[in-house]
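**Student:** Need coordinates for the following:
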Amino acid sequence: MTKLSVNINKFATLRNSRGGNNPDLIKTTLDAQSFGADGITVHPRPDERHIRFQDVYDIKKIITTEFNIEGNCREQKFIDLVLRVKPDQVTLVPDALNQITSNHGWDTMLYKDYLKEMVAIFKAAGIRVSLFVDPVIAMVEAAADTGTDRVELYTEAYAKEYITDKERAIAPYIDSALRAKELGMGLNAGHDLDLQNLKWFARHITGLNEVSIGHALICDALYLGFENSIQLYKRQLH
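**Tutor:** Here you go, the predicted model:
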């Protein structure tokens with residue numbers, strides 16, 4: 001069964017916009033778990049404009065589901081954070097400094113040697129590693145050469161094309177997923193998945209271990225409630 005990891009960055013954005021501690025990220029984490037989330041995802045960035053590094057330490061103390069930390073391993077501060085916290089999974093993304101959101105996967109061919117080094121560092125600490133990649137067979141194959149445990153397919157292109165041609169939208173993801181499984185890697189997915197397109201994606205992707213969803217789920221929670229939104233998303237995965 002595909003797991004739902006809830007990205008809580010947007011709760012931190014709301015908190016930071018006003019100062020203080022409302023909403024409280026510890027309560028957010030505990031509530032998400034009790035509402036059925038299979039995991040919690042955070043993506044601390046260098047400017048701490050949403051998730052702060054201290055939040056990651058605080059969440060680690062109380063989390064009982066899977067903990068996934070996303071970030072750019074080209075930042076030493078991020079590497080140090082992950083190695084100290086030791087989450088269940090680290091997802092490595094190629095974000096540039098001050099990037100608003102992740103908008104492309106790693107060029108795993110160009111950065112293969114570098115990623116191999118980074119993957120080895122985290123795996124040696126007992127942390128499962130996932131690389132953020134585009135749905136391109138060559139990138140999936142090169143990712144396997146790094147020793148990564150999983151790849152996370154970047155799904156923005158799927159979400160955009162789903163509106164006009166869902167068969168064409170899903171095709172490269174089906175091929176990439178099958179190749180990842182042939183190469184012995186686990187499979188995650190994330191970015192712009194929502195209540196409209198998630199079921200079609202999950203139904204057609206073989207061996208999908210986990211989806212990480214934040215922005216769309218939190219937007220839905222404004223109208224539908226946080227607990228109800230988590231349950232609705234989980235229902236799409238079943």
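**Student:** I'd like to know how many residues surround Val140.
**Tutor:** Val140: 27 surrounding residues under other CB atoms under 10 Å. All C-beta spots, glycine's among them, are computed from the backbone N, C-alpha and C.
**Student:** And it, its phi and psi?
**Tutor:** phi -70, psi -40 (degrees, to the nearest 10).
**Student:** wait, what's in contact with it?
**Tutor:** Thr108, Val133, Val151, Ser176, Arg179, Ala180, Leu183, Met185 (CB atoms under 8 Å, 6 or more residues apart in numbering).
**Student:** Can you tell me, leaving aside adjacent residues, what's nearest to Trp106?
**Tutor:** Distances taken as CB to CB, 6 or more residues apart in numbering place Pro94 nearest to Trp106, at 4.9 Å, with adjacent residues excluded.
**Student:** Tell me the one of the contacts of Val140 nearest Cys73?
**Tutor:** Thr108 (13.2 Å; CB to CB).
**Student:** Restricted to helices, list the contacts of Val140.
**Tutor:** Ser176, Arg179, Ala180 (DSSP state H).
**Student:** my guess is the second one meets Met139, correct?
**Tutor:** No: with contact defined as CB atoms under 8 Å, Arg179 and Met139 do not form a contacting pair (9.9 Å).
**Student:** just to revisit the earlier point, please state the backbone phi and psi of the residue nearest to Trp106?
**Tutor:** Main-chain dihedrals, Pro94, degrees, to the nearest 10: phi -90, psi 50.
**Student:** Likewise for Asn197?
**Tutor:** When read as degrees, to the nearest 10, the backbone of Asn197 gives phi -110, psi -10.
**Student:** and the closest residue to it other than its chain neighbours, how many neighbours does it have?
**Tutor:** Leaving aside its sequence neighbours, Asn197 sits nearest to Tyr162 (CB to CB, 6+ apart; 4.5 Å). Residues lying near Tyr162 (other CB under 10 Å) number 22.
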